[in-house]
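Enquirer: Got a sequence here, can you build the structure:
(one chain, ligands or ions: 1)
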Amino acid sequence: MILFVKITIQELSKKGKAHKWEKHQCDKCQRNMWGHGYVMRYFAEASDAIYVKRYRCPDCSTVVTTRPETHWKGIRSAILTMYEVLRSKLTGFWPPGFPRQRGLHWLLRFIDLAKMEQQDNLLSFLSFCFAKQIRFFT
Ligand SMILES: [Zn+2]
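Expert: Just a heads-up that it's a prediction; the model follows:
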């Protein structure tokens, strides 16, 4: 499971393992979880891998891995970056210098979601998803 935390990539990158992680309770048992080491994760905003904290519940053995709330599970780029890139393309052009191949990958997945949701106005659907913090591609 993933535990989204309010922290920036820059902060995590700077502090590394020295970051003071808050205690976390197990969602199932409401017990304080124990530290369960660190795992390395890559994010688009940092050239090196970043350590993120893991927790383990002493009762049910559930393991959760922290992740900055600015990044969806399984995606290295920040949600804001993806939103701005897609918004730029939907209103005109890819942002200068941004890899078009990656942008196109996001765009096609976004269009798939829009079709599934029967949304014709892509720009307003994108803005709606972003405002409501809904994942805007599948
Ligand atoms: Zn538990």
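
Enquirer: Only C-alpha atoms from now on, for both contacts and neighbour counts.
Expert: OK.

Enquirer: Write out the residues of the chain neighbouring the ion.
Expert: Selection of the chain residues close to the ion by C-alpha under 5 Å from the ion yields 26, 28-29, 57, 60.

Enquirer: Name only those of the residues you listed that count as buried.
Expert: 26, 57 (16 or more other C-alpha atoms under 10 Å).

Enquirer: Adding pLDDT and secondary structure, write the residues of the chain next to the ion out as TSV.
Expert: Shown next, in TSV, are the residues of the chain next to the ion (pLDDT from 0 to 100; DSSP: H, G, I helix; E, B strand; the rest coil):
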residue	pLDDT	secondary structure
C26	96	coil
K28	95	coil
C29	95	coil
C57	97	coil
C60	97	coil
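
Enquirer: Wait, A114 touches L122, no?
Expert: Yes - using C-alpha atoms under 8 Å, A114 is in contact with L122, at 6.9 Å.

Enquirer: out of those two, which sits in the busier spot?
Expert: Legend: neighbour count by other C-alpha atoms under 10 Å for A114 and L122, higher for A114 (19 against 16).

Enquirer: Just list the residues touching that one, thanks.
Expert: 120, 122, 125 (C-alpha atoms under 8 Å, 6 or more residues apart in numbering).

Enquirer: Now the first one: closest residue in space, sequence neighbours ignored.
Expert: What that stands for is D120. A114 (7.2 Å; C-alpha to C-alpha, 6 or more residues apart in numbering).

Enquirer: next one: the last one
Expert: Counting by C-alpha to C-alpha, 6+ apart, Q119 is the residue found nearest to F125 once chain neighbours are left out, at 6.6 Å.

Enquirer: burial count for the one you found?
Expert: 14.

Enquirer: who's in contact with the residue nearest the centre of the chain?
Expert: Centroid-nearest residue in the chain: H71, 1.6 Å away (criterion: C-alpha atoms, centre = their mean). Going by C-alpha under 8 Å, 6+ apart, H71 touches 77-79.

Enquirer: So which residues of the protein form strands?
Expert: With DSSP state E as the criterion, the chain has strands at 2-5, 34-41, 50-56, 63-68.
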